[in-house]
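Asker: could you look at this predicted model? Sequence included:
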Amino acid sequence: MASNPQTDPTLEALVAQKYRHGFVTDIESDTVPPGLDEDVITFISRKKGEPQFMLDWRLRSYRHWLTMKEPQWAHLRIQPIDYQSISYYSAPKPKADAPKSLEEVDPKLLETYDKLGIPLHERARLAGVAVDAVFDSVSVATTFKERLHKAGVIFCSFSEAVQKYPELVEKYLGSVVPYTDNYFATLNSAVFTDGSFVFVPKGVRCPMELSTYFRINAAKTGQFERTLIVAEEGSHVSYLEGCTAPMRDENQLHAAVVELIALEGAQIKYSTVQNWYPGDEHGRGGIYNFVTKRGECRGANSKISWTQVETGSAITWKYPSCILTGDNSVGEFYSVAVANNYQQADTGTKMIHIGKNTRSTIVSKGISAGHGQNAYRGLVKVLPSAINARNFTQCDSLLMGDKCGAHTFPYMEVRTPTASVEHEATTSKIGDDQLFYCLSRGISEEDAVNMIVNGFCKAVFKELPMEFAVEAQNLLAVSLEGSVG
Amino acid sequence: MSAVGAKSNASPVDRYKAAFDARWQGNDELTALRRAALDQFLSTGFPTQRDEAWKYTNLRRLETRSFTPADASALDAHQPEWLTTTGTRIVLVNGHWLPALSLQTAQPPGVTVLTLKQWLQREPAAVAAYLKEHDQLTGNALEQLNLAFFEDGVVVNLADNAILDAPIYIVHQSTSAAAGCMSHPRVMVRAGRNSRATIIEHYLGANEAEYFTNAVTRLEIAAGGAITHYRGQREAPRAFHIGHIQTKLAKDARYSIHDIQLGASLGRTGITALLEGSGAHAALFGLFTPMGNQHLDAHTRIDHVAPHTTSEEDYRGIAGGKGRGVFNGKIIVRPDAQKIDSRQSSRNLLLSPTAEIDTKPELEIYANDVKCSHGATTGQLDATALFYLRSRGLSESNARALLIRAFAESILSTIGLEPVRAALEKQIDERFKLANEAKA
Amino acid sequence: MLSIKNLHALAGEKQVLKGLDLEVGAGEVHAIMGPNGSGKSTLAQVLAGREGYTVTDGSVTYKGKDLLSLAPEERAREGVFLAFQYPVEIPGVNNVYLLKAGLNAIRKHRGESEMDAFEFLTLVREKMKLMQMSESFLNRGVNEGFSGGEKKRNEILQMAVLEPALALLDETDSGLDIDALRVVSNGVNSLRSPDRAIVLVTHYQRLLDYIEPDHVHVLSDGKIIKSGDKSLALELEKRGYDWVKQEAAA
């Protein structure tokens, strides 16, 4: 007879698997002292040589933030955050000024990205993926600029965009996530330091996958990046972000904002593989990942698709959303979220149907292990104008171990009779009969669990770009190693 | 709004305090209990939409009214029909027992049926002890309000192994004399081991009065006991109706509730089933049909406290006119409550472009060896089915009414008691044929 | 190859096997028949190592090893294969992936090199032809949305690929129409070899028209009460089980 998986000592040992990206890069950085006031914001803006409208916008956001209350969540256990103890700007100290090409980037940095397995260098060329890398708060290198430039695609750091394309930034920044949106988005609007900017002009199909890697390195810093993607009429773009952070005992705050705008007939595919440091097996340390991501299908027949694989962070709080304004527009959300050890994930989406014949699909797969708590929270709202709107939601939770939790909180608000909204959810553990079937075919218990979990997530993984689907599967295996229950 | 008058400037909590002081003085144990409950209500006030449990139901309109405790009255000339059932019938008019209308049949051994007032007269200390144990400092602000103001109701006691074949029919009738008044009836059922009974609660009103019914029902079912509970809400069109039902189930106990909401301007039932012993099973079936300007809310909570417990839930909503329907059903599986099987389904039909349905089915699971699922849909009548019926010669309005009836049927068919089911089927048919003709 | 002595086992808390003895040699095909509830499926599950079945007495020796001390995956790697009566669906897990993972785990255990994708696909395609299965099977989830007959074919395909030394077929014929039965039987027959033993658990004689057994055993109330050659199966078909029971009781 097979031993009881819950008490298998080899599996217990495997649970102790360490976070594989938890190294610190020894690099000189240019960091402002902790604390936040208008001077710090002005310093950030000046440091980045921003035009006046940006500084004004930041200060407006900051003043609004001061009037807001930090949200309280029923389902998250959270240490209070001292916003004055965070350093709001940390940049790797450049050897000269900004690196002009990859050759000038600090080799230690490149080494860091190598360790992370990011195809920043030559490998990037082979992989055919254009990469922007954000280290702490500053974008350090963007590859493949030339080729993208020829196609008319702008892909650069947010700082560069503010300098070179201020009119585009001014036009679109805050147009989907206003600076008043929520506590963390407002804070981000005041202090964000860098991020990525993508602009795909009318009719252009972006010739390659675009990708940004984010890494928090310095201690006691927060990361507040901002991403803005604009796809003009009939254009297509696929974008991927990856995130890692070193192991530290204290919690670090990551409060990003992502805005997507799809004009008529445009398609944006946004994929995330989030592997911020989740804290140790006792729940010490880890990133607080409070992110606001929202896209607007502004034009008719446009499409925005979010795919996320969330394995990291002590707390994840994010709801990548779609505002379906254009008629016939399509919103999609595919998510795998893992909460192991003491991780807490509260994630989901909002689909706001405004235009006629708008359609949305939500597929959420939550995996809870250890003492992890995983919640799906989603809103499907169909306004009276959204005639013939369609939504389908499938929301499944898998429980591995008897100390974890899986929660499902869907909200469906329907105000038009021609709409059709369907939601299905299940919660269960891995079936004993499935496990036994695999074992009886000679497969080890660990492999069998991996197989079944990957199968459980397949509907989401198949939405990821090929090269990242493999990465996501490996990441999932590492995150759950030994958590057989 | 006769009672609003001069006092309308006072804050709502002050108005309730004044109403309380006018009704109850003294320092006996029960009054102290009432006062504590009132204080708790006053400190929190009416729930607001910031409160997650009331996200979709706004009580502002109720809050601005001032209601005073209702008194008994004679029936109106025009009365909605009561059900014809065998067995005991207890009639409460505006929250007060009217013996002349009630039918007390001889109860089989082990069964006691009393009005709450009778129980209060006989054993005031026991009532206070019961309320202390079950109600003090539990529940929401409105349950506390009931505890502060309750005057009458029904108490059912089933001894171990008592089997009651005929249902106990409780009529809560509101008359036109209830205008500007509130009533806080209570029904308390204690079912002993392996006992069986059926309870019907019927809330009725058919007049122009604006009144407020704030009803509490408490059931305790001991090991192996089984209670079937029918709850029909057909209050008058301008009424407010809030019902709170809490059922505790011991080992192998079974409970099923059939919660039908048709009436009131603003209606809500909140049902909590606590599965405290292994083998316990709860089944919740509900139908709510907001039409016109009605707002009907069904709020349920099934709490799997003990391992090896099961539940099923099926709710359907039909919204037409400017009606708004809300379903919020939560299933909780407590830590270490393993081997749970729970299914929940919420299906909703929208009949008009100005109607709205908000659904929130929730799962909160803290144990791993469970099978829990929920499904929710909102949509319109199936166009293919409608076409099929019309191509067989039915008028569009008849075809629609037939399909609506078919949609409601899956809830109505769970009703085993023939007179209850027949009456409801008739009401549903009347309701939707009318609605469709008015539309055409 | 397989030696079962005085096997007593519980299914859940119920005593189902009550002293079963069975000897199976290499190259032999045994059919175990019996009425419903006699313990046929329990025997198959116990031999494969399913949780929820407890051996209370007796022993099972397979190739000189104590089979009961091995985990289910170890039994598989040692060459024991169970074709399930009710193969489970595993959504999202690719059929071909499961097969490859199983085969390579078994090969590794035997000290053989893992098969690369090309070799493996060649092998699987050849076996699929035998089972008259279409290529599309490969890309579907394990048994996901398969009909009853497809599931059974898939079981025999797995068996053909994994090439076990001891194959246990639990009611493989149930739910099959006559064409599917022929295909499945052909698959099984093609695996008959001097170093392989096959144990068929079945309720009906029908399967034995296609797969000819060397030995037929009647299982009743947890024990083998009569053994014989294939003529015994024919007799059972004609006369039912009662006469065997009476004979055994006498």
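Answerer: Looks like it came in fine. Everything quoted here is computed from the prediction, not taken from an experiment.

Asker: I'd guessed A:A459 sits against A:Y334; true?
Answerer: Yes - here A:A459 lies in contact with A:Y334, judged by CB atoms under 8 Å, at a distance of 7.1 Å. Every C-beta, even on glycine, is put in place using the N, C-alpha and C of the backbone.

Asker: can you tell me the helix or strand for the residue in chain C that chain B sits nearest to?
Answerer: Across chain C, no residue is closer to chain B than C:E51, which sits at 13.2 Å (CB to the nearest CB). Under the criterion DSSP states H and E, no helix or strand holds C:E51.

Asker: backbone dihedrals for it, please?
Answerer: Torsion angles at C:E51 (phi, psi; degrees, to the nearest 10) stand at phi -70, psi 150.

Asker: what of C:K152?
Answerer: Dihedral angles (degrees, to the nearest 10) for C:K152: phi -70, psi -40.

Asker: anything in contact with each of A:A459 and A:Y334?
Answerer: Taking CB atoms under 8 Å, 6 or more residues apart in numbering or on different chains as the contact rule, A:A459 and A:Y334 both touch A:V363.

Asker: between those two, who's got more neighbours?
Answerer: A:Y334 (24 against 17; other CB atoms under 10 Å in any protein chain shown).

Asker: the residue of chain C closest to chain B contacts A:G431, correct?
Answerer: No - taking CB under 8 Å as the definition, C:E51 is not a contact partner of A:G431, at 11.9 Å.

Asker: tell me the pLDDT of the residue of chain C closest to chain B.
Answerer: C:E51 is assigned 82 on the pLDDT scale.

Asker: same thing with A:D8?
Answerer: 36.

Asker: so what pairs up with B:V171 in the strands?
Answerer: On the basis of DSSP bridges, B:V171 is bridged to B:V91, B:H202.

Asker: count the neighbours of it for me.
Answerer: That count, for B:V171 with other CB under 10 Å as the rule, works out to 20.

Asker: hmm, who's touching stretch B:381-396?
Answerer: Looking at what lies outside stretch B:381-396 - CB under 8 Å, 6+ apart - the contacts are B:L349, B:L351, B:N398, B:A399, B:R400, B:L402, B:L403, B:I404, B:F407, B:N436, B:A440.

Asker: distance from the chain centre to it, please.
Answerer: The chain centroid and the centroid of stretch B:381-396 are separated by 35 Å, computed with CA atoms, centre = their mean, to the nearest Å.

Asker: again, but for stretch C:5-24
Answerer: 17 Å.

Asker: how about it: buried residues?
Answerer: C:L7, C:H8, C:A9, C:L10, C:A11, C:V16, C:L17, C:K18, C:L20, C:L22, C:V24 (16 or more other CB atoms under 10 Å in any protein chain shown).

Asker: quick one: which of these is nearest to chain A?
Answerer: C:A9 (11.1 Å).

Asker: correct me, but the closest one touches C:T56?
Answerer: Yes - C:A9 lies in contact with C:T56 (CB under 8 Å); the separation is 6.5 Å.

Asker: distance of the spatially most distant residue from the centre of chain C relative to C:V216?
Answerer: In chain C, counting by CA atoms, centre = their mean, C:A250 sits farthest out from the average C-alpha position, at 32.1 Å. Distance of C:A250 to C:V216, computed by CB to CB, to the nearest Å: 20 Å.

Asker: and the two most separated of the contacts of stretch B:381-396?
Answerer: B:F407 and B:A440 (19.5 Å; CB to CB).

Asker: residue 187: which element?
Answerer: No chain specified, so I'll use chain A. Judged by DSSP H and E, A:L187 forms part of helix A:183-191.

Asker: oops, I was thinking of chain C
Answerer: Going by DSSP H and E, C:G187 is in helix C:178-190.

Asker: please compute how far that helix lies from its chain's middle.
Answerer: 14 Å.

Asker: which residues does stretch C:178-196 contact?
Answerer: For stretch C:178-196, using CB under 8 Å, 6+ apart, the contacting residues are C:26-27, C:29, C:130-132, C:149, C:152-153, C:156-157, C:159-160, C:163-167, C:169, C:172-173, C:176, C:198, C:206-207, C:210-211.

Asker: helices along the chain, start to end?
Answerer: Reading this off chain A. Counting by DSSP state H, residue ranges of the helices within chain A are A:9-15, A:38-47, A:52-66, A:107-116, A:122-127, A:145-151, A:158-164, A:166-172, A:183-191, A:432-439, A:445-461, A:466-480.

Asker: chain B is the one I meant
Answerer: Under DSSP H, chain B gives helices at B:12-23, B:29-44, B:60-64, B:116-122, B:124-134, B:141-149, B:383-391, B:396-412, B:418-439.
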